[in-house]
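Asks: Build me a structure from this.
(one chain, ligands or ions: 3)
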Amino acid sequence: MTALAQTPALTAAAYKSDYRPVWCPGCGHYSVLSSLTKALAELGLQRENVAVISGIGCSSRIPAYTSVYGFHSVHGRALPVATGLKVARPDLTVVVAGGDGDGYSIGGNHFLHACRRNVDLTYLVMDNQVYGMTKGQASPTTPADWDRSKLTPHGTGVSPFHPLAVALAAGANFIARCYAGDPNGTARVITEAVRHPGFSMVQILSQCVTYQPSQKEWKTTVRKADVTTTRDAVRAARWLMADDGLSTGVLYIGHRPIYRPELQASCSVDDLESGFVV
Ligand SMILES: Cc1ncc(C[n+]2csc(CCOP(=O)(O)OP(=O)(O)O)c2C)c(N)n1
Ligand code: SF4
Ligand SMILES: [Mg+2]
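Replies: Ligands and ions are numbered 1, 2, ... in the order given. Now for the predicted structure:
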């Protein structure tokens, strides 16, 4: 009897494409790409079984730099595209990636409902607190006193959005924060997030050295959270609201059931075509 050929495990480098990223030297998104490819290697996934879906922004270029399937979609629409893909092809591992502008401004409503639906997706938000691609406008996570943009020379005057608290309130079941300056730690969290069934929210502090140069200080200010992962949403909410946004780790893992379209469907295509359902 001949032994079945084993599919060989791939190295992290095998998940990178031949395209050279056009990101600025020192941009945090390079490290996120490395962390993602390390995680895919650790998970031992075959490339044809993975899809990376993005919106628009410097961060959203990431699918082109991987060798898995990818779709560089429309600004703010990565989550609905990914949701449709995962529901149609539950066998695929679907990673969604993009920026704070893409995910929390134009895509904000999709973000809320992705947390609420709990489709099995891993969402990586490369948060640099700015619209990098369009040359440095304020985003929902920009500090209120940030006065470097000509559009907001006296600061935005608006409190920043709290993505992880919002994710928790909207029903996300896996909530983590990472730092691009810790690529191995980020790879470990991405691995755990992909393994977690349901929607996993991973905020990655990813410095924009061009429009937010003070983020270089994250090297000294970002730290591991002094809490262990909790399953208690009230405790997680209290902790998140007291945190300064620079603590990293897996902060919350809940136990809501994942969205299973085959159990939810209340009508068939035949019903729709026959006009039975209006
Ligand atoms: C419908 C639409 N509106 C606006 C834009 C312009 N636009 C492109 S990228 C971007 C913001 C990107 O910021 P972010 O998602 O934070 O990514 P970063 O570049 O910072 O990585 C905007 C407003 C667009 N491409 N499409
Ligand atoms: S503008 Fe900012 S986010 Fe965009 S590639 Fe340059 S450093 Fe990265
Ligand atoms: Mg951004």
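
Asks: Can you tell me the closest non-neighbouring residue to residue 25?
Replies: Excluding the flanking residues, the one nearest residue 25 by C-beta to C-beta, 6 or more residues apart in numbering is residue 209, at 7.7 Å. (C-beta placed from N, C-alpha, C; glycine too.)

Asks: That neighbour: neighbouring residues, count only.
Replies: 17 (other C-beta atoms under 10 Å).

Asks: That one against residue 219, yeah?
Replies: No. Counting by C-beta atoms under 8 Å, residue 209 sits too far from residue 219 to count as a contact (11.6 Å).

Asks: So the lengthiest helix in the chain, near ligand 3 or not?
Replies: In the chain, assigned by DSSP state H, the helix with the most residues is helix 29-43. No. Figure legend: helix 29-43 not in contact with ligand 3 (C-beta under 5 Å from the ion); closest approach 9.4 Å.

Asks: Dump that helix to CSV, keeping only the CA atoms.
Replies: Extracted in CSV, the C-alpha atoms of helix 29-43 (Å, rounded to 0.1, in the frame of the first residue of the first chain):
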residue,chain,number,x,y,z
HIS,A,29,1.8,47.8,8.4
TYR,A,30,5.0,45.9,7.4
SER,A,31,5.1,44.2,10.7
VAL,A,32,1.4,43.3,10.6
LEU,A,33,2.0,41.6,7.2
SER,A,34,4.8,39.6,8.8
SER,A,35,2.6,38.7,11.8
LEU,A,36,-0.2,37.6,9.6
THR,A,37,2.0,35.4,7.5
LYS,A,38,3.6,33.9,10.6
ALA,A,39,0.2,33.1,12.0
LEU,A,40,-0.9,31.4,8.7
ALA,A,41,2.2,29.3,8.9
GLU,A,42,1.6,28.4,12.5
LEU,A,43,-2.0,27.4,11.7
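
Asks: downstream neighbour of that helix in the secondary structure list?
Replies: The helix or strand immediately downstream of helix 29-43 is strand 50-54, counting by DSSP states H and E.

Asks: what does the longest helix of the chain contact?
Replies: Helix 29-43 is touched from outside by 9-16, 21, 23, 50, 52, 58-59, 61-62, 65-66, 68, 93, 95, 97, 124, 126, 178, 180-181, 183-184, 186-188, 190-191, 194-195, 204, 206, with contacts defined as C-beta atoms under 8 Å, 6 or more residues apart in numbering.

Asks: what's the answer for stretch 17-26, then?
Replies: 29-30, 33, 58, 61, 64-67, 207, 209-210, 216.

Asks: re earlier: narrow the contacts of helix 29-43 to those that are buried.
Replies: Neighbour counting with 16 or more other C-beta atoms under 10 Å marks 10, 12, 15-16, 21, 23, 50, 52, 58-59, 61-62, 65-66, 68, 93, 95, 97, 124, 126, 178, 180-181, 183, 186-188, 190-191, 194, 204, 206 as buried within the contacts of helix 29-43.

Asks: Which residue is the nearest non-sequential neighbour of residue 64?
Replies: residue 19 (5.4 Å).

Asks: The one you found: helix or strand, and which one exactly?
Replies: Assigned by DSSP H and E, residue 19 belongs to no helix or strand.

Asks: how close does it get to ligand 3?
Replies: Remark: distance between residue 19 and ligand 3 (C-beta to the ion, to the nearest Å) = 21 Å.
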